[in-house]
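Undergrad: Dropping a prediction and its sequence here:
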Amino acid sequence: MNTEKTYANQLDQKDNLKDFRKEFYISNGTIYLDGNSLGILSMRAEQAVDDAVNAWKKYAIDGWTEGKHPWFYLSEKLGSMTAPLIGAKKDEVIVTGSTTTNMHQLVASFYKPNNKKTKILADELNFPSDIYALKSQLKLKGYDPDEHLIQIKSRNGNTLETEDIVKAMADDVALIVLPGVLYRSGQILDMERLTKEAHKRNITIGFDLCHSIGAIPHQLSEWGVDFAFWCTYKHLNAGPGSVAGLYVNQKHFGNEPGLAGWFSSSKEKQFDMEHTLTPAEDAGAYQIGTPHLLSAAPLLGSLEMFKEAGIKQVRQKSLELTHYLMELIDSELSDYNFTVVSPTDEVTRGGHIFLEHKEAARICKALKADGIVPDFRTPNGIRLAPVALYNTFEEVWKTVHILKQIMKEERYKRYENKRGVIA
Ligand SMILES: Cc1ncc(COP(=O)(O)O)c(C=O)c1O
Ligand SMILES: Nc1ccccc1C(=O)C[C@H](N)C(=O)O
């Protein structure tokens, strides 16, 4: 491979998405590689927040129905803007809640245990919040999570085998919830095949798309996935605590949500103030209460950028960035005991790379001191996410060379090998 910096510059010059970087606030001298934990602010997202504040200033209560983006319809509008990113129909998507509250809503709606089927299938590598939510949903239905939550085991501690998941789809499984992309190793699960296998066995299946939305294309409707949910503060760059999203396949429209509220209502009936709910005929039925407008607004700006860039192009560049990163790690860091545990192939490699090293916590501190923002995951993981919309090949090149210097000079030894509060 070509390890010269000039090669990185050539790749940057050829990059069709390079102009998007100019729209982001990138701190001077910083190389931000943590976009899969929190994406950075774009001018368009900022503008959308300003517009929302101004609409409040100008319209007060009338902002619900007036202005450029009337608040009463904003969740649906953002849902339809999100749909192309996941291969869904417009009315199958709604922007609402947080990842975890949406998961609670969907499990409360789709987990319907009966005499024969009572178990929920998940995996042992998922983000803790999902597992906590599943356990509490089981308890609410009177089941012991120790018996009724089955967590598929990883053979190597980092990735899952489709065959192992399919094998675990036993007769007593009612519901499956899995990540689309694993938060540590970045492995993409075969959502299409898993959905097919689940449905053959009469099992409902849903996916957590936190680490896949905005990083890879999906075809949820075509695959027939029953439901999905995600956050918008990672690859979608909508800001800390931005409003999340959910997808419900249209074959499930017309049902009552497990957790109802007046925003679950059909729009026409909502202000009739009846005590009998008429649920919306689409994914809107899975909303609960008043949308968090100021935290939803930035998505208007970010999703517009995704529309212009196109998720296929985003994926293409992301694959090139992670490929380049892995090649440089291979050629430059071979003396320093790093292990890349992310899948290397293009089918199962997501938008970030996961490196293991026993000194990972303090290597991350040393990187940060040199202006590179990685993400530490306990006990020994370094996540690096070169993001298509705002990172460059030159930044990838610099990261690996700075990391090499840190290792060569053992500069990480200046720090304690312990995580900070968050990373
Ligand atoms: C896979 C996954 N699920 C859930 C969450 C958390 O959900 P919430 O947005 O509700 O905090 C995260 C990250 O925070 C995540 O990576
Ligand atoms: N929501 C957060 C709030 C604070 C700090 C980090 C997060 C994350 O999102 C972590 C992320 N889910 C991860 O995959 O590590």
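TA: Great, that's in hand. Residues are numbered from 1 along each chain as shown. Ligands and ions are numbered 1, 2, ... in the order given.

Undergrad: At the contact with ligand 1, which residues of the chain appear?
TA: Within the chain, the positions near ligand 1 by C-beta under 6 Å from any ligand atom are 98-100, 127, 129-130, 179, 183, 208, 210-211, 231. No exception for glycine: its C-beta is placed from N, CA and C like everyone else's.

Undergrad: out of those residues, which are buried?
TA: 98-100, 127, 130, 179, 183, 208, 210-211, 231 (16 or more other C-beta atoms under 10 Å).

Undergrad: Same list, the residues you listed, but as CSV with secondary structure and pLDDT please.
TA: Shown next, in CSV, are those (DSSP: H, G, I helix; E, B strand; the rest coil; pLDDT from 0 to 100):
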residue, secondary structure, pLDDT
Ser98, coil, 98
Thr99, helix, 98
Thr100, helix, 98
Phe127, coil, 97
Asp130, helix, 98
Pro179, strand, 98
Tyr183, coil, 97
Asp208, strand, 98
Cys210, coil, 98
His211, coil, 98
Cys231, coil, 98
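
Undergrad: Just name the closest of those residues to Asn391, please.
TA: Each of these was scored against Asn391 by C-beta to C-beta, and His211 proved nearest at 16.3 Å.

Undergrad: How much space separates the closest one from Arg377?
TA: In this structure, His211 and Arg377 are 12 Å apart, going by C-beta to C-beta, to the nearest Å.

Undergrad: list the residues that contact both of the two?
TA: Shared contacts of His211 and Arg377, defined by C-beta atoms under 8 Å, 6 or more residues apart in numbering, comprise Tyr183.

Undergrad: re earlier: for the buried ones among the residues of the chain next to ligand 1, please prepare a markdown table with the additional fields distance to Ser266.
TA: Rendered in a markdown table, the data for these read as follows (distance: C-beta to C-beta, whole Å):
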| residue | distance to Ser266 |
| --- | --- |
| Ser98 | 24 |
| Thr99 | 26 |
| Thr100 | 26 |
| Phe127 | 34 |
| Asp130 | 30 |
| Pro179 | 32 |
| Tyr183 | 36 |
| Asp208 | 28 |
| Cys210 | 29 |
| His211 | 33 |
| Cys231 | 27 |
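
Undergrad: Closest one to Leu389 out of those residues, please.
TA: Sorting those by how near they are to Leu389, with C-beta to C-beta, puts His211 at the top with 15.8 Å.

Undergrad: partner residues bridging the residue nearest to that closest one when sequence neighbours are not counted?
TA: Setting aside the residues directly before and after it, His211 is nearest to Val181 in space (C-beta to C-beta, 6 or more residues apart in numbering), at 4.0 Å. Following DSSP bridges, Val181 is listed with bridge partners Ile188.

Undergrad: wait, isn't Ala83 in contact with Val95?
TA: No - with contact defined as C-beta atoms under 8 Å, Ala83 does not reach Val95; the gap is 10.7 Å.

Undergrad: ok, back up a step: with distance to ligand 2 as added columns, please give the residues of the chain next to ligand 1 in JSON lines.
TA: Putting those into JSON lines (distance: C-beta to the nearest ligand atom, whole Å) gives the following:
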{"residue": "Ser98", "distance to ligand 2": "9"}
{"residue": "Thr99", "distance to ligand 2": "8"}
{"residue": "Thr100", "distance to ligand 2": "10"}
{"residue": "Phe127", "distance to ligand 2": "6"}
{"residue": "Ser129", "distance to ligand 2": "8"}
{"residue": "Asp130", "distance to ligand 2": "10"}
{"residue": "Pro179", "distance to ligand 2": "10"}
{"residue": "Tyr183", "distance to ligand 2": "4"}
{"residue": "Asp208", "distance to ligand 2": "10"}
{"residue": "Cys210", "distance to ligand 2": "6"}
{"residue": "His211", "distance to ligand 2": "7"}
{"residue": "Cys231", "distance to ligand 2": "7"}
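
Undergrad: Nice, that's everything, thank you.
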